[in-house]
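Q: dropping the sequence and predicted coords here.
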Amino acid sequence: MARRSTLLIVAVLIAALGTAMIVLYVRGIDDRATQGQELVEVLTATAVIEAGETVTAAQEAGKFEAKQVRREDMVSGALDSTESIADLVALGTVYPGEQVISDRFGTIGSIESLVIPDDKMAISIELTDFERVAGFVNPGSEVAIFGSAASPIRRLPDGTEQTLPAVTRIVLTRVPVIGVGTTSVTSTTTTTGEGEQVVTEAVPRTILTVAVTQEEAEKLVLADRTTELTFALLGGETKSQDKVGVTPVDILPETFRGAVG
């Protein structure tokens with residue numbers, strides 16, 4: 001009887017041990033299955049951040065978003081806020097959906113070469129401070145470009161030429177600025193009645209580089225050669241449209257309609 005009791009106790013212990021081992025095995029499988037599945041918060045781009053665009057400008061434009069991803073999907077060095085890169089610029093294009101990592105941002109001087117979008121070309125234009133929004137246009141800005149012609153000439157079918165009224169019209173509705181060169185100062189002069197040349201003012205001029213398509217480049221080069229260009233800094237929601245432009249009649253209708261009539 002004692003022997004049977006002993007065998008029963010041993011059997012129960014063996015069964016309990018087996019059950020414990022099965023539980024531990026299953027738990028190990030669960031642990032391995034959930035390893036890396038923990039959700040962590042990372043910062044991602046919601047829109048294209050161009051090379052040279054400041055983190056501040058991108059943030060103001062709503063181009064960053066906090067998102068939860070599995071730990072195993074988290075990119076090495078991914079950030080969860082812009083705090084550590086707040087004073088930096090993008091060193092290359094950051095595309096929507098990319099996790100934001102500190103290595104993709106640095107100072108403007110860290111950009112070793114001009115970064116041009118794959119389907120665009122770079123065109124440089126020299127402008128005064130007035131023509132480039134008093135220096136507020138920086139790499140990453142988007143601008144509309146206007147051209148003003150004082151007395152445009154139109155060639156008629158019979159070969160004669162007609163002088164048209166002065167006009168200002170938009171040339172390109174929205175293009176990105178990818179580079180800003182150094183500023184130089186030039187002096188403008190006037191000639192007096194006695195033939196003396198007098199310096200009237202010193203004008204700062206800066207070379208701005210924009211990324212454009214071939215068709216846009218053709219328009220911009222011709223406009224730069226034949227008109228006075230002005231850059232208009234655009235906001236994220238600004239709507240710029242290609243319209244007929246304005247002439248002196250639109251500015252001072254009563255004066256010029258009388259002259260034309």
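A: Thanks, I have it. Numbering: from 1, shown residues only.
Q: could I get the full set of helices for the protein?
A: Assigned by DSSP state H, the chain shows helices spanning 2-34, 55-60, 214-226, 248-251, 253-260.
Q: next one: the fourth one to chain centre, how far?
A: Put plainly, it is helix 248-251. Relative to its parent chain, helix 248-251 has a centroid offset of 35 Å by C-alpha atoms, centre = their mean, to the nearest Å.
Q: contacting residues around residue 77?
A: By C-beta atoms under 8 Å, 6 or more residues apart in numbering, the contact list for residue 77 reads 101, 102, 103. For every residue, glycine as well, the C-beta is placed using N, CA and C.
Q: check what pLDDT the last one gets.
A: Which is residue 103. Per-residue confidence (pLDDT) for residue 103: 80.
Q: follow-up on the earlier one: filter the contacts of residue 77 down to just the buried residues.
A: The neighbour-count criterion (16 or more other C-beta atoms under 10 Å) marks residue 101 among the contacts of residue 77 as buried.
Q: wait, doesn't residue 116 sit right on residue 122?
A: Yes. Residue 116 lies in contact with residue 122 (C-beta atoms under 8 Å); the separation is 5.1 Å.
Q: which neighbours do these two have in common?
A: Common neighbours of residue 116 and residue 122, counting by C-beta under 8 Å, 6+ apart, are 178, 211.
Q: so what's residue 75 closest to, chain neighbours aside?
A: residue 99 (4.5 Å; C-beta to C-beta, 6 or more residues apart in numbering).
Q: bridged to the one you found, which residues?
A: Judged by DSSP bridges, the bridge partners of residue 99 are residue 44.
Q: run through the stretch 101-250 of the chain and note the low-pLDDT ranges.
A: Low-confidence segments of the stretch 101-250 of the chain, defined by pLDDT under 70: 108-114, 182-204.
Q: returning to that earlier point: from the contacts of residue 77, which is closest to residue 49?
A: residue 101 (12.4 Å; C-beta to C-beta).
Q: ramachandran angles for the residue nearest to the closest one when sequence neighbours are not counted?
A: Take residue 101 and drop its neighbours on the chain: the residue closest to it by C-beta to C-beta, 6+ apart is residue 77, 4.3 Å away. Backbone torsions of residue 77, given as degrees, to the nearest 10, read phi 90, psi 10.
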